[in-house]
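Chemist: Following is a predicted model, sequence given first.
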Amino acid sequence: MDGLRLRLPSEVVELHDHRLRQRNVRLLLKREDLIHPELIGNKWRKLKYNLTRATEQGKSTLLTFGGAYSNHIRATAAAGYHFGFKTIGIIRGERHLPLNESLAHAAAQGMTLAYMDRSTYRRKMDPEVIVALRERFGEFFLIPEGGSNVEALDGCAEIAHEIDRDFDLICCPCGTGGTLAGVSAGLQDGQRALGFSALRDGRFLGDKVSRLQQQRYGRVFNNWSIECEFHFGGFARRNAELTAFIDSFERRQGLRLEWIYVAKMLYGIFTLIERGVIIDGTTVVALITG
Ligand SMILES: Cc1ncc(COP(=O)(O)O)c(C=O)c1O
């Protein structure tokens, strides 16, 4: 895996801002976005042990699912390209030509793209759907949508292990819950994890995190929670307030935040600090996952 030149451990940088100083809170950014241009952030963490497991099982093809703009599809294509797996991406909905940039890139890295109607896609993990996929494509190693499975948890737990500074709270954005499930499992006693839902209806996310931890560790950790207030209208929705936050963050810090997940989380962190929910004296780590 060294041939890829992954930047690991990912860098940790402290953010300096008067709002943090006023509240006596330290905020450290863990720059998962800098790990690799194509295997950004939690994508690498989630895929790492999936690749190991696929190899152990002698599987040479990876099959996974995603929407037409899925970062996970793109990352799986890149992982296949770099690590010598064939890849199949099952894309939700109909094919649109020309391919968007994300799918075109995946295809250029050798991924076979196949499309699944939306009603079958909702049942994509049902045994009969998987059997039909095996009949069509032959043997493959199955990675779920978003890459969140038990293998992903081990990779995400390593994020927490890597941090060599003291901290109290680690924050991450949540889409499928795999990152939070793994990170929470990697914490030491007394540390907590807080996920920020990027989805409008984030309530089911807690069940997903619990299920993943139960599957992987045989128990659910009690060191995490999920904040559902900062979705800005729902997945991939934004408003002027979020845009203003992103612009002002870039002016102050020189970093343009990814808006679907990361900006919403950071907006939430600053709000909770301002409200005193994240209390005086806390050291927070925020995962910049994209
Ligand atoms: C940039 C980014 N951050 C965070 C997440 C959410 O991670 P998870 O699906 O593990 O909750 C995703 C989606 O996988 C993502 O693309």
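Modeler: Arrived safely, thanks for sending. Numbers count the residues shown, from 1 in each chain.

Chemist: Please count neighbours and contacts with C-alpha atoms only from this point.
Modeler: Fine.

Chemist: would you list every one of the strands in the protein?
Modeler: 12-15, 26-30, 61-66, 86-92, 112-116, 141-143, 169-174, 192-197, 224-227, 283-287 (DSSP state E).

Chemist: Quick one: these as TSV, columns for mean pLDDT, mean neighbour count and distance to the ligand too.
Modeler: Shown next, in TSV, are the strands of the chain (pLDDT from 0 to 100; neighbours: other CA atoms under 10 Å; distance: least, CA to the nearest ligand atom, whole Å):
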stretch	mean pLDDT	mean neighbour count	distance to the ligand
strand 12-15	98	14	17
strand 26-30	98	21	12
strand 61-66	98	23	10
strand 86-92	98	24	15
strand 112-116	98	16	19
strand 141-143	98	20	13
strand 169-174	98	25	3
strand 192-197	98	25	8
strand 224-227	98	20	11
strand 283-287	98	24	8
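
Chemist: what would the ones you listed look like in JSON lines with distance to D154?
Modeler: Shown next, in JSON lines, are these (distance: least, CA to CA, whole Å):
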{"stretch": "strand 12-15", "distance to D154": "20"}
{"stretch": "strand 26-30", "distance to D154": "18"}
{"stretch": "strand 61-66", "distance to D154": "19"}
{"stretch": "strand 86-92", "distance to D154": "22"}
{"stretch": "strand 112-116", "distance to D154": "28"}
{"stretch": "strand 141-143", "distance to D154": "14"}
{"stretch": "strand 169-174", "distance to D154": "16"}
{"stretch": "strand 192-197", "distance to D154": "16"}
{"stretch": "strand 224-227", "distance to D154": "17"}
{"stretch": "strand 283-287", "distance to D154": "16"}
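
Chemist: Quick one: name the residues of this structure near the ligand.
Modeler: By the rule CA under 6 Å from any ligand atom, the part of the chain lying against the ligand is 71, 146, 148, 173-179, 261, 289-290.

Chemist: from those residues, which has minimum pLDDT?
Modeler: Taken together, those show their lowest pLDDT at N71, with 89.

Chemist: distance of T64 from P37?
Modeler: In this view, T64 and P37 are 20 Å apart by CA to CA, to the nearest Å.

Chemist: for Q188, same thing?
Modeler: 30 Å.

Chemist: cool, L205 as well?
Modeler: L205 is 28 Å from P37, by CA to CA.

Chemist: show me the contacts for the residue lying closest to A54 once chain neighbours are set aside.
Modeler: Of all residues not flanking A54 in the chain, F141 sits nearest, at 5.9 Å (CA to CA, 6 or more residues apart in numbering). Contacts for F141 (CA atoms under 8 Å, 6 or more residues apart in numbering) come out as A54, K59, S60, T61, L62, L63.

Chemist: do that again at 7 Å, thanks
Modeler: Residues near F141 by CA atoms under 7 Å, 6 or more residues apart in numbering: A54, K59, T61, L62, L63.

Chemist: Same question for L8.
Modeler: Contacts of L8 by CA under 7 Å, 6+ apart are I35.

Chemist: can you map out the helices along the stretch 1-150 of the chain?
Modeler: 18-23, 42-56, 71-83, 101-108, 118-122, 127-137, 150-162 (DSSP state H, counting those that start in this stretch).

Chemist: So between L205 and P37, which is more surrounded?
Modeler: L205 (22 against 12; other CA atoms under 10 Å).

Chemist: Check what pLDDT the more buried one gets.
Modeler: 97.

Chemist: Leaving out sequence neighbours, find the closest residue to it.
Modeler: That would be G177: by CA to CA, 6+ apart, it lies 6.0 Å from L205.

Chemist: Next, count neighbours for the one you found.
Modeler: For G177, using other CA under 10 Å, the count is 28.

Chemist: Please report how far the nearest residue to E258 once chain neighbours are set aside lies from E11.
Modeler: The shortest distance from E258 to any residue other than its chain neighbours is 5.9 Å, reached at G290 (CA to CA, 6+ apart). To E11, G290 is 14 Å away according to CA to CA.

Chemist: Mind checking which of those two has more residues around it?
Modeler: Of the pair G290 and E11, G290 is the one with more neighbours under other CA under 10 Å, namely 23 against 16.

Chemist: okay but the residue nearest to E258 is in contact with W259, surely?
Modeler: No: under the criterion of CA atoms under 7 Å, G290 makes no contact with W259, lying 8.9 Å away.
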